[in-house]
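Peer 1: based on what follows, work out the 3D shape:
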Amino acid sequence: MATITKIARESGIVYKARVRKPTGTINRSFKHRSDAEKWARKIESEIDRDAAGLTNPAQKVTLSEIITRYRTERLPQLRPGTRVAYDIHLRYWDKHLGHLRLADVRPEKIAEHRDALRAEGRKPAGVNRMLACLGAVMTRAVKHWHLLDTSPVQRTAKLEENNARTRFLSQDELDTLLQACRESESPDLYLAVLLAVTTGCRKSELMTLRWSQIDLTTGVICLQHTKNGDQRTLAIPRQVVPLLEQRKSAQQSGTVVELRADPLLFPSRVSANQPVGLRSAWLKAVQRAGLGDFHWHDLRHSCASFLAAEGASLREIGEVLGHRSVEATRRYSHLTEQHSHALVRGLADKLLGGGQ
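Peer 2: Below you'll find the model as predicted:
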């Protein structure tokens, strides 16, 4: 039974509605008695429907509550790289849609944010990864928690991706980009870009890299949890070793961030357990270098390009990049063909003589 109480305050008269629920009492104040009565009737109706078993489970919880549950139960089970990306995506969805009841997270609402993200300049692939993260939460709500019959993300169209895009840096472009990274306000950007373009590691692998995976004595990085689930090792260029040694000394002395038991190579200044965000610094460096539409992932393509120029085979390029199949590496076939053609012509000139 609801009660309406008239209360005189310095700011004026208000009407306080109080409704008793099985879990306790809730109340809310209104300027008009009619509004207080409407709210009380609405709450009482919800209580009656719930008691009769007529309330949809998805109407009882908010998306924010579901995201919190996903973080607790599922997120720790994911690979480190995926965990980092999902943590960022979940914060976005919690901020923008977390207040909605799960039943109210409709496909059209998700599509609005999909389009808004694209309008902000996010790439289709990046937006689709954010949708995939929300989809993972919704699938969990369907199959494991039985709060939904179907996932609204499955009824939301993904953006079309241009997966054939392959952008390589020339040597001059690389020099210009590295100089722009040196001049960046971020103390992390130059080393991160240098490692990415010389080792071919993915950004997620780089951002979750810990000092325990780096052997400066042998000059090797051990990636234990890659995108494909395989372990692989990467050679650290000799020019990069001194930079890593300086960074480790700086962390140990506390000038960068406190060195924990197994710290990240690129920890955030806010939390040593979270990787640093480089998006803003990266975009500024790309703009300063005049590279136009150049993505971080293109550093990986550029690594493959430089390897091919040095005579690496497709198989060797695939091993460095961590590809499971030759098909994933085939986009670089024209680069290795150019080297093979040069070898054949060089051999012919040696055997037959040039200029005939």
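Peer 1: so where's the stretch 51-200 of the chain uncertain?
Peer 2: Counting by pLDDT under 70, the stretch 51-200 of the chain shows low-confidence ranges at 51-55, 162-166.
Peer 1: make sure residue 7 is indeed in a helix.
Peer 2: No: judged by DSSP: H, G, I helix; E, B strand; the rest coil, residue 7 forms no part of a helix; its state is strand.
Peer 1: strands along the stretch 101-250 of the chain, start to end?
Peer 2: 214-215, 220-223, 232-235 (DSSP state E, counting those that start in this stretch).
Peer 1: would TSV of those with mean neighbour count be doable?
Peer 2: No exception for glycine: its C-beta is placed from N, CA and C like everyone else's. Converted to TSV, the strands of the stretch 101-250 of the chain look like this (neighbours: other CB atoms under 10 Å):
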stretch	mean neighbour count
strand 214-215	16
strand 220-223	18
strand 232-235	16
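Peer 1: closest to residue 14 out of the ones you listed?
Peer 2: strand 220-223 (61.4 Å; CB to CB).
Peer 1: and the helices in the stretch 51-200 of the chain, which stretches?
Peer 2: 63-73, 80-97, 107-119, 124-143, 171-182, 189-199 (DSSP state H, counting those that start in this stretch).
Peer 1: how about the fourth one: buried residues?
Peer 2: I take that to be helix 124-143. Residues 124, 126-131, 133-138, 140-141 are the ones in helix 124-143 that count as buried (16 or more other CB atoms under 10 Å).
Peer 1: apart from its chain neighbours, what residue comes closest to the residue positioned nearest the centre of the chain?
Peer 2: Centroid-nearest residue in the chain, with CA atoms, centre = their mean: residue 85, separated by 2.8 Å. Excluding its sequence neighbours, the residue lying closest to residue 85 (CB to CB, 6 or more residues apart in numbering) is residue 204, at 6.0 Å.
Peer 1: pretty sure the one you found contacts residue 83?
Peer 2: No: if you go by CB atoms under 8 Å, residue 204 and residue 83 don't touch, sitting 9.3 Å apart.
Peer 1: and the strands of the stretch 101-250 of the chain: which comes nearest residue 27?
Peer 2: Nearest of the strands of the stretch 101-250 of the chain (CB to CB): strand 220-223, 55.5 Å.
Peer 1: what strands line up against that closest one, and which way round?
Peer 2: Counting by DSSP bridges, the strands paired with strand 220-223 are strand 214-215 (antiparallel), strand 232-235 (antiparallel).
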